[in-house]
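# Show me the folded form of this:
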Amino acid sequence: MATPNDALLSLIREAGWTYEALARRVNADARRHQLGTTYDRTTVAHWIRGSRPRRPVPELLCGLFTQRLGRLITPAELGLADGRPAGLKDAASLIAAIPGLEASSVRSGSHSEEAPTRVPEQRAHPDSEDRAVPAAHEQVWRGAERFFVQQTGALGGRHTEPVLLAYLQSTFGPAGGAPVVGTESRAGLVHAARTAVLLAGSYADACRTQEAEGALSAAEALADHAQDRPVQAIALRQLSESALLQGMVPLASGYLDRALEVSRHAPNPVRAYVAAQAARVCAARRERPAALEWLETASRLLPHYTGGEDPFAVYSAASLHYQRAAVLLRLGETGEAHEALTASLEERPAQESRAVLFSLLLKGRLCHVEGRREELSVAVDAAERMNVAIASVSAAREIARIRSAQQV
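Have a look, this model is predicted:
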């Protein structure tokens, strides 16, 4: 028997809506996402009694309540997702909740019949919960993070997803022993959060949005438990980006507000990374002055960074130029967008193939807006050739969209 959803009922009352009013708003929002829903007060009553709507309705509800109440409302707060464990002692539940982290599923989604990818065991000693993690172990974890970041940048998410899942399973998975979640193993929780962020990027590359958001939510919760504000801010920023890509601007704004709050306690590169997302959200809301101001804020933050080996404390000028180009394109300033994109491509290292691929696709969209058909074809053809090796589903869909728009 379904459990009544008191959390949703409480939020509806706080918002001052009737069941019928909420249903109308969901239908209107769904139409903006090309969905033909016909919900009514009876549907909402079913939700209150415990039934769960399919995606993306929970996300639409989050956006509606976030906009109405002026604070971020997540699926968990709507009673439409598993709640966060109460304390650090339950962090194992968060690790186990990372999508794909089960003993039978450590394999690529597109190659489910293949044997799982295996990596050397990374487990700590069984009684390691009672001692601090050795510095050497932390160095190994940082090295693994650098490796995965470099591999994703060079090969894309399709190639790194099975390895990341195997690594997470070997290090933290439920089979063969318990994960390291004691109070002395904060470094282990941070490493799990960072690896979950990387896994989310692989899922996003494969257009597996639900799994990507699940991994980011787990990463944000783990980082929160470990009080690692930089990783928490990064996860929230990426949740904002995911919502924005789906056209859920209020929800994107809610995640962004939380990311901005958390990033106050993060290094400047992380703050710049979040500021760039603030510019994109403001551009989506047609707030031109605010968008440009956030871009300038991100630019001011970068020069204070002197470099280092931590891949989660790096935000390159090439990446910021790319974001600037995307924001300016959204604002209709195509000339300046072209300059920013050119600067991004010039500064981008050749080994960052995935970033170059998506820069070429942004150039294709920009050329389409400007009516530069020949340059558009050159950029998209180059992107298509690169994607043969990278095999990004997200890139392939974008190539198809640009080709379709080219025919109009």
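
# give me every residue that touches the residue nearest in space to the middle of the chain.
Geometric centre of the chain, nearest residue: residue 238, 3.3 Å, by C-alpha atoms, centre = their mean. Applying C-beta atoms under 8 Å, 6 or more residues apart in numbering to residue 238 gives the contacts 197, 200-201, 216. Just so you know, the C-beta spots here come from the backbone N, C-alpha and C atoms, and that holds for glycine as well.

# Please identify which pair of the residues you listed lies farthest apart.
The largest separation in the contacts of residue 238, counting by C-beta to C-beta, is between 201 and 216 at 9.2 Å.

# Tell me which of those two has more neighbours.
A count of neighbours by other C-beta atoms under 10 Å puts residue 216 above the other of residue 201 and residue 216, at 29 against 23.

# I'd guessed the more buried one sits against residue 235; true?
Yes. When contacts are counted by C-beta atoms under 8 Å, residue 216 is listed as touching residue 235 (4.9 Å).

# helix or strand for residue 396, which one?
helix 393-407 (DSSP states H and E).

# Run through who's touching that helix.
156, 158, 204-207, 357-358, 361, 364-365, 368, 373, 376-377, 380, 383-384, 387.

# one more time with 7 Å
204-207, 357-358, 361, 364-365, 368, 376, 380, 383-384, 387 (C-beta atoms under 7 Å, 6 or more residues apart in numbering).

# Ok, stretch 17-25 next?
So stretch 17-25 is contacted by 12, 39-41, 43-45, 64 (C-beta under 7 Å, 6+ apart).

# sorry, back to before: which SSE is the residue nearest to the centre of the chain in?
Per DSSP H and E: helix 229-245 holds residue 238.

# Could you pull up the contacting residues of residue 48?
Counted by C-beta under 7 Å, 6+ apart, residue 48 has contacts 4-5, 8-9.

# Extract the C-alpha trace of whichever strand or helix holds it and format it as PDB.
Secondary structure assignment for residue 48, by DSSP H and E: helix 41-49. Taking C-alpha atoms only, helix 41-49 is exported to PDB below (Å, rounded to 0.1, in the frame of the first residue of the first chain):
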ATOM      1  CA  ARG A  41      -7.200  17.700  -9.400                       C
ATOM      2  CA  THR A  42      -7.800  13.900  -9.200                       C
ATOM      3  CA  THR A  43      -4.200  13.300 -10.500                       C
ATOM      4  CA  VAL A  44      -2.800  15.500  -7.800                       C
ATOM      5  CA  ALA A  45      -4.900  13.700  -5.200                       C
ATOM      6  CA  HIS A  46      -3.400  10.400  -6.400                       C
ATOM      7  CA  TRP A  47       0.100  11.900  -5.800                       C
ATOM      8  CA  ILE A  48      -0.900  13.000  -2.300                       C
ATOM      9  CA  ARG A  49      -2.100   9.400  -1.700                       C
END
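
# For that helix, what is the distance to the chain centroid?
Relative to the chain's own centre, helix 41-49 is displaced by 30 Å; criterion: C-alpha atoms, centre = their mean, to the nearest Å.

# Outside of the helix or strand following that helix itself, list whatever touches it.
Sequence order places helix 57-69 as the next helix or strand after helix 41-49, per DSSP H and E. Helix 57-69 is contacted from outside by 11, 14-15, 25-26, 29-30, 72-75, 78, 80, 243, 246, 248, 250-251, 254, using C-beta under 7 Å, 6+ apart.

# Mind listing what's buried along the helix or strand following helix 57-69?
Per DSSP H and E, the first helix or strand lying C-terminal to helix 57-69 is helix 91-96. Using 16 or more other C-beta atoms under 10 Å as the test for burial, helix 91-96 gives 91-95.

# again with stretch 148-165
Buried, per 16+ other C-beta under 10 Å, within stretch 148-165: 148-149, 151-165.

# residues contacting residue 53?
Residue 53 touches residue 47, counting by C-beta under 7 Å, 6+ apart.

# Over to it: give its phi and psi.
phi -70, psi 150 (degrees, to the nearest 10).

# count of neighbours near residue 44?
23.

# okay, it: pLDDT?
Model confidence at residue 44, given as pLDDT, is 91.

# what's the closest non-adjacent residue to it?
residue 19 (3.9 Å; C-beta to C-beta, 6 or more residues apart in numbering).

# do residue 51 as well
Nearest to residue 51 is residue 2, by C-beta to C-beta, 6+ apart, at 6.2 Å.

# Surely that neighbour is in contact with residue 52?
No. Here residue 2 lies out of contact with residue 52, judged by C-beta atoms under 7 Å, at a distance of 8.5 Å.

# Those two: who's more crowded?
residue 52 (16 against 10).

# Just give me how far stretch 3-14 sits from the chain centre.
On C-alpha atoms, centre = their mean, the centre of stretch 3-14 falls 27 Å from that of its chain.

# Contacts made by that stretch with the rest, please.
Stretch 3-14 is contacted by residues 22, 47-50, 65, 69, 73, 77-79 when judged by C-beta under 7 Å, 6+ apart.

# of those residues, closest to residue 276?
residue 73 (24.3 Å).

# ok, that closest one to residue 255 distance?
11 Å (C-beta to C-beta, to the nearest Å).

# between those two, who's got more neighbours?
More crowded of residue 73 and residue 255, by other C-beta under 10 Å: residue 255, with 28 against 24.

# which ones are touching the more buried one?
Counting by C-beta under 7 Å, 6+ apart, residue 255 makes contact with 72, 236, 239-240, 243.

# what comes up buried for the helix or strand where it lies?
Residue 255 is located in helix 249-263, with elements delineated by DSSP H and E. Across helix 249-263, burial judged by 16+ other C-beta under 10 Å covers 249-260, 262-263.

# got the angle for that helix vs helix 229-245?
170 degrees (axes from the mean of the first three to the mean of the last three C-alpha atoms, to 10 degrees).

# Using CSV, write down the CA coordinates of helix 249-263.
Presented in CSV, the C-alpha positions along helix 249-263 are these (Å, rounded to 0.1, in the frame of the first residue of the first chain):
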residue,chain,number,x,y,z
VAL,A,249,14.9,27.8,-15.5
PRO,A,250,13.3,28.2,-12.0
LEU,A,251,14.8,24.9,-10.9
ALA,A,252,18.2,25.9,-12.4
SER,A,253,18.0,29.2,-10.5
GLY,A,254,17.3,27.4,-7.3
TYR,A,255,20.3,25.1,-7.6
LEU,A,256,22.4,28.1,-8.6
ASP,A,257,21.4,30.1,-5.5
ARG,A,258,22.5,27.2,-3.3
ALA,A,259,25.7,26.8,-5.3
LEU,A,260,26.5,30.5,-4.9
GLU,A,261,25.9,30.3,-1.2
VAL,A,262,28.1,27.2,-0.7
SER,A,263,30.9,28.5,-3.1
